[in-house]
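*Asks:* What shape does this take:
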Amino acid sequence: MTSRIVKTVVAAAFCTLQCARPAHAQRTIGVTGPDGQLTTVNLGEFPRQTVVTGDRGRKATIEGVALRDVLAKAGVPLGEALRGKTLSRVIVVSAADGDQVVYAIAEVDAACTDQTILLAGRRDDGPLLPDTGPLQLVVPHDKRPARWVRQVAKIEVRDVE
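*Replies:* Numbering: from 1, shown residues only. Below is the predicted model of the structure:
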């Protein structure tokens, strides 16, 4: 009897979690460049990248697009164009709850680092849960996920003065 109850509770919990997942990941994101121009970027245009992380002691497979690709599509200078004053730019990523995290522009540029920061929409072969997604910024090489941004709402590139 107890075993049947436990199985029923586990099955109900699983169904609840699956139903809570959004059916479709967010397909676009707004990026405001240093000139103040807002560009809507279609995330479906980019190749998907996958990283395996040790988030909170658990292995997870995270899938998304490289933040550098999103910024380049929005017209943010990277690569050889990233020099002088443009190296003092920062990327401000804002969450739906108003939290913000700042990244140096060089942290996303392939000419400056081998690290790939992902704008992720999937985790372990499924969409992100509502409290994390539909988009999450993931910095795979950080020792702890303190700079990961849940529920990404907007991305801005700003000049530092």
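*Asks:* Next, work out how far apart Ser88 and Ile105 are.
*Replies:* 8 Å (Cβ to Cβ, to the nearest Å). Glycine gets a C-beta too; all of them are placed from N, C-alpha and C.
*Asks:* Of the two, which one has the most company?
*Replies:* Legend: neighbour count by other Cβ atoms under 10 Å for Ser88 and Ile105, higher for Ile105 (24 against 13).
*Asks:* residue contacts, the nearest residue to that one once chain neighbours are set aside?
*Replies:* In space, and not counting its chain neighbours, Ile105 is closest to Arg89: 4.2 Å by Cβ to Cβ, 6 or more residues apart in numbering. Counting by Cβ atoms under 8 Å, 6 or more residues apart in numbering, Arg89 makes contact with Pro34, Val76, Ile105, Val157, Arg158, Asp159, Val160.
*Asks:* Quick check: closest non-adjacent residue to the last one.
*Replies:* So the one you mean is Val160. Nearest residue to Val160 in three dimensions, chain neighbours excluded: Ser88, at 4.6 Å (Cβ to Cβ, 6+ apart).
*Asks:* where's the closest residue to Lys59 other than its chain neighbours relative to Ile62, distance?
*Replies:* Excluding its sequence neighbours, the residue lying closest to Lys59 (Cβ to Cβ, 6+ apart) is Val52, at 6.1 Å. Taking Cβ to Cβ as the measure, Val52 falls 8 Å from Ile62.
*Asks:* between those two, who's got more neighbours?
*Replies:* Using other Cβ under 10 Å, the more surrounded residue of Val52 and Ile62 is Ile62, with 21 against 10.
*Asks:* Can you give the contact residues for stretch 72-88?
*Replies:* Stretch 72-88 is contacted from outside by 31, 33-34, 37, 39, 41, 45-46, 68, 71, 89, 105-106, 108-112, 157, 159-160, using Cβ under 8 Å, 6+ apart.
*Asks:* And it, what's buried?
*Replies:* Neighbour-count burial for stretch 72-88 flags Ala72, Lys73, Ala74, Val76, Pro77, Leu78, Leu82, Thr86 (criterion: 16 or more other Cβ atoms under 10 Å).
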